[in-house]
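J.: next one to model:
(2 chains)
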Amino acid sequence: MPDRHCKQIFAMLSEYLDGELPVKNCRELERHLKGCRPCIAYLESLKTTVEACRSYKAPRAPALSKQVKAALLAAVHKVISIYLSE
Amino acid sequence: MKSQVEQALANLKSGNPEDVERALEALQGVVYGFGMKVCGVREDAEDTAQETLIRLARQLKEFPDARALAVWLYKVAKTQCLMSRRKSKFAPAQMLSLDALMPKESGPAAPAMKSWKITPEEMVLNKELRSKLEAAVLALPKPYRLVLILRDMEQLDTKEVAEVMGISAETTKMRLHRARVFLRNALAGYVQRAQGKDHA
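T.: Here you go, the predicted structure:
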């Protein structure tokens, strides 16, 4: 990313990907991208990174222990019974 | 995530024992998953989920809708994660400078500028890249890591992330961008290598 304009564009890439960049800046960014292959490549790789995060699933939670589950259910039912009696 | 929380809230409020149990399991899954991404330690994620659910059970009445419940859940889970006994696993809090993160090389042949041919799905399915992604997230300084996980992994919107974190939308966006760039740069070398292997 050699020039000063690339640097300005670099700061806007996430907002652009999220559709949160003001229209004026959007136009400026798209104009720049037309003539700057390194910035296009960087934007694409940033987009892949964001989408990989969105596709990422954490490992499944282990089952709650019987005691914890029983305590939780009791607490929830207590709240619900108060709520329903009001 | 939001549809899971929405369904869970409806189940909780139904009072039907089976639905309540199902709701607790679903919410445990959401909070445990968040805890794993933030702490990277199974025991911490389990503690986080348990403590959060216990507090939820006591405060159930206070959630008018799924959005309020989701914001509350992540706020409490975030605090629990930060208080976890194994918090030394967190990278030291430091600021990420955009200048320092910006690739210095120029020209299409520079490693930082090469195109990625890999799809996001392939990235997550590739065992090595998946573990590099997890490691890069855990290497992020805490304030950036939380914003990235909430926005890109849990898929809250900017306003919701700002609310969970207690920061402005502008600060949220600034941290998010730096966190994404940090992650992208951390993965670049591994992606190039994985692409090289595929084309060999």
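J.: list the contacts for B:Arg72?
T.: No Arg there; residue B:72 is Trp. The contact partners of B:Trp72, by Cβ atoms under 8 Å, 6 or more residues apart in numbering or on different chains, come to B:Leu56, B:Gln59, B:Glu62, B:Phe63. The C-beta positions use only the backbone N, C-alpha and C, and glycine is treated the same way.
J.: just to check, the first one is in contact with B:Leu73?
T.: Translated: B:Leu56. Yes. The pair B:Leu56 and B:Leu73 qualifies as a contact (Cβ atoms under 8 Å) at a distance of 7.0 Å.
J.: identify the contacts common to these two.
T.: With Cβ under 8 Å, 6+ apart as the test, B:Leu56 and B:Leu73 both reach B:Leu27.
J.: which strands or helices does the strand or helix carrying A:Ala41 pack on?
T.: Per DSSP states H and E, A:Ala41 falls inside helix A:37-55. Packing partners of helix A:37-55 (3 or more Cβ pairs under 8 Å, 6 or more residues apart in numbering or on different chains; DSSP states H and E): helix A:4-10, helix A:13-17, helix A:23-34, helix B:120-125, helix B:127-139, helix B:169-199.
J.: give me that answer again for 6 Å
T.: In this structure, helix A:37-55 makes packing contacts with helix A:13-17, helix B:120-125, helix B:169-199, judged by 3 or more Cβ pairs under 6 Å, 6 or more residues apart in numbering or on different chains; DSSP states H and E.
J.: report the buried residues of the last one.
T.: Yep, that's helix B:169-199 we're talking about. Of all the residues in helix B:169-199, those buried under the rule 16 or more other Cβ atoms under 10 Å in any protein chain shown are B:172-188, B:190-192, B:194-195.
J.: again, but for the second one
T.: Of the residues in helix B:120-125, those with enough neighbours to count as buried (16+ other Cβ under 10 Å) are B:Pro120, B:Glu122, B:Met123, B:Val124.
J.: chain A next: which of those are close?
T.: Contacts with chain A within the buried residues of helix B:120-125, as defined by Cβ under 6 Å from any Cβ of the partner chain: B:Pro120, B:Met123, B:Val124.
J.: and chain B, which residues reach chain A?
T.: Proximity of chain B to chain A, by Cβ under 6 Å from any Cβ, involves residues B:15, B:20, B:24, B:28-29, B:32-33, B:36-37, B:50, B:53, B:57, B:60-61, B:102-103, B:106, B:108, B:113, B:115-116, B:120-121, B:123-124, B:152-153, B:176-177, B:180, B:183-184.
J.: and B:Leu138, what does it touch?
T.: B:Gly40 (Cβ atoms under 6 Å, 6 or more residues apart in numbering or on different chains).
J.: leaving out chain neighbours, which residue sits closest to B:Tyr32?
T.: Distances taken as Cβ to Cβ, 6 or more residues apart in numbering or on different chains put A:Ala61 closest to B:Tyr32, at 3.5 Å, once the chain neighbours are dropped.
J.: the one you found: what's it in contact with?
T.: B:Gln28, B:Gly29, B:Tyr32.
J.: now with 8 Å, please.
T.: Counted by Cβ under 8 Å, 6+ apart, A:Ala61 has contacts B:Gln28, B:Gly29, B:Tyr32, B:Gly33, B:Ala45, B:Glu46, B:Ala49.
J.: could you pull up phi and psi at it?
T.: phi -70, psi 140 (degrees, to the nearest 10).
J.: any idea of the pLDDT on it?
T.: The pLDDT attached to A:Ala61 in the predicted structure is 88.
J.: okay, and for chain A, where does confidence drop off?
T.: Along chain A, segments meeting pLDDT under 70 span A:1-2, A:80, A:82-86.
J.: could the contacts of A:Ala61 go into TSV alongside neighbour count, pLDDT and secondary structure?
T.: Output for the contacts of A:Ala61, formatted as TSV (neighbours: other Cβ atoms under 10 Å in any protein chain shown; pLDDT from 0 to 100; DSSP: H, G, I helix; E, B strand; the rest coil):
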residue	neighbour count	pLDDT	secondary structure
B:Gln28	24	92	helix
B:Gly29	17	93	helix
B:Tyr32	26	94	helix
B:Gly33	23	94	helix
B:Ala45	27	91	helix
B:Glu46	21	90	helix
B:Ala49	26	91	helix
